[in-house]
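K.L.:
Predicted structure and sequence below. I'll ask about it afterward.
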Amino acid sequence: MAEVIVLDSETAAGTLAAASIRALIARKPDAVLGLATGSTPLSVYAALAASLAEDPLDMSRVRGFALDEYVGLPTGHPESYRAVITRDVVVPLGLDPANIRTPNGDVATLETAGIDYEAAIFAAGGVDVQILGIGQTGHVGFNEPGSSFASITRIKTLTEKTRVDNARFFDSPDQVPIHCMTQGLGTIRRARHLILLAFGEEKADAIAAAVEGPVSSSKPGSVIQLHPHVTVLVDEAAASRLANRDYYAYAYAHKYAWQGI
């Protein structure tokens, strides 16, 4: 069972996640982070940056792998996930850009891009903690409904719903790419710790399906039920459809401090 922690705000969730990640880096200076993009993980990155500003920690050896990348965006495009990761994570946290990788979305190299990315993750020793958001369709990364739980990094076709959701980052919906490279559900499952965050009423159904629904490729987020170490951080609105909401609060209130998250 995933540990579900219901908090009163995105800020509180970000602070809790950042403290766990900081503790990981303190004991393992070359830790490997799995980096999600979008608005959901911003509170984590902001809290970690604030912590580092107040109490510096050597981040020079920290490595990172982005969850996904659009296919076909030109190098340097401000909405490429390489650019987003640089703005939201690398610069604020003082990471070495050479240690941070994103999948290769170059159309000319798509045939081998997935295998190459998998090899790089293996060479790094695997991901220590993977930060995740979840879409209203239940997707994690860009693993849309129907994705195999054994899938690895590969090209995917985005649903129209996902493209519409992401259109806010572009000048028009037509500019949102149709394809992406994404870590697969099997890739995500290999990370040692998953931290899934969700906020707002619009994520309540997806969270309920991921945490308590049947394990089904129709709800890709339910893959977390197959992982031994998952922390789900949600606000009250996102937790509103959880049948076991009271138990999660009781369990969190009575856990030992040494367990962390």
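P.N.:
Yes, it's here.

K.L.:
Could you use CA atoms for every contact and neighbour count after this?
P.N.:
Fine.

K.L.:
C-terminal to the helix or strand hosting F65, what's the next element?
P.N.:
Using DSSP states H and E, F65 falls within strand 63-66. Using DSSP H and E, the helix or strand that follows strand 63-66 in sequence is strand 68-70.

K.L.:
partner strands of that following strand, parallel or antiparallel?
P.N.:
Its sheet considered, strand 68-70 pairs with strand 179-182 (antiparallel) by DSSP bridges.

K.L.:
Could I have the CA atoms of the partner strand written out in CSV?
P.N.:
Extracted as CSV, the C-alpha positions of strand 179-182 are listed here (Å, rounded to 0.1, in the frame of the first residue of the first chain):
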residue,chain,number,x,y,z
HIS,A,179,4.5,12.9,-30.0
CYS,A,180,6.9,12.6,-27.0
MET,A,181,9.6,10.4,-25.6
THR,A,182,8.7,9.2,-22.2
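
K.L.:
which element follows that strand toward the C-terminus?
P.N.:
helix 185-189.

K.L.:
hang on, the earlier thing: how about the strand holding F65 as PDB, C-alpha atoms only?
P.N.:
This file holds the C-alpha atoms of strand 63-66, laid out as PDB (Å, rounded to 0.1, in the frame of the first residue of the first chain):
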ATOM      1  CA  ARG A  63      22.400  13.500 -11.200                       C
ATOM      2  CA  GLY A  64      19.000  13.700 -12.700                       C
ATOM      3  CA  PHE A  65      16.800  12.200 -15.400                       C
ATOM      4  CA  ALA A  66      13.800  13.900 -16.800                       C
END
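
K.L.:
And it, how far out from the chain middle?
P.N.:
Offset of strand 63-66 from its chain centre (Cα atoms, centre = their mean, to the nearest Å): 11 Å.
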